[in-house]
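K.L.:
show me how the following folds:
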Amino acid sequence: MKTRIMATISVVLVLGMAQLAKATVVDICAATNKPTYFLGEDVVVFVIAYNPNPEPVTLTFPSSMQASYLMDNTYDWKDHHGSWPVVTEQIIEAFNPHTWTLIHGADEMETYLPAIGTHTIVGEVLGYGQSATVEFEVVPEPGTILFLMMGMISTRLKRHNEML
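P.N.:
Residues are numbered from 1 along each chain as shown. Take a look at the predicted model:
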């Protein structure tokens, strides 16, 4: 019994140390391809893992999904995309980045449409950590702005004519 307890503790410590080592292997950041999007436009998210070490690193994943993003603390990309239960790897050379490109497009917008305003993205390399928060803006389409301005002008002209 004592041997089993010691073996279990050893396994837990080894797994815990492995997870801690994985979390510090690469530096993770996120970015979008531009700071401002029109309402309904695809948002391109880059999740970047940088290897700050003088030797290549091999990232190992328990599925085909390797990276994800969390938008506005609401929409988690990995919750809406399937993955296969197969071990995958990504080798990142010394002092180099690897970039995953994820698109918040039409399918994602059916579930979560970023409204006009400021939004946040946190990138994640699954099992290795998350990036700092990145912000982007969503603005009305130019046609919408023109339509609203024309409506305001029309309303003012109507009021002006009524006053005459």
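
K.L.:
by mean pLDDT, flag the weakest helix or strand of the protein.
P.N.:
Within the chain, no helix or strand scores below helix 2-23, which has a mean of 42 by mean pLDDT, DSSP states H and E.

K.L.:
any low-confidence regions in the chain?
P.N.:
The chain contains residues with pLDDT under 70 at 1-24, 143-157, 160-161, 164.

K.L.:
quick one: the helices in it?
P.N.:
For the chain, the helices defined by DSSP state H cover 2-23, 106-111, 142-163.

K.L.:
show me what contacts the residue nearest to the spatial centre of the chain?
P.N.:
By C-alpha atoms, centre = their mean, the mean C-alpha position of the chain lies nearest to Tyr69, the distance being 2.2 Å. By C-beta atoms under 8 Å, 6 or more residues apart in numbering, the contact list for Tyr69 reads Ala30, Val45, Val47, Asp76, Trp77, Leu102, His104, Ile121, Val122, Gly123, Glu124. Heads up, the C-betas are built off the backbone N, CA and C, glycines and all.

K.L.:
find the nearest non-adjacent residue to Pro62, please.
P.N.:
Once flanking residues are discounted, Pro62 sits nearest to Val87: 6.3 Å by C-beta to C-beta, 6 or more residues apart in numbering.

K.L.:
now do the contacts for that neighbour.
P.N.:
Thr60, Phe61, Pro62.

K.L.:
any idea how far the first one is from Gly105?
P.N.:
Relative to Gly105, Thr60 is positioned 29 Å away (criterion: C-beta to C-beta, to the nearest Å).
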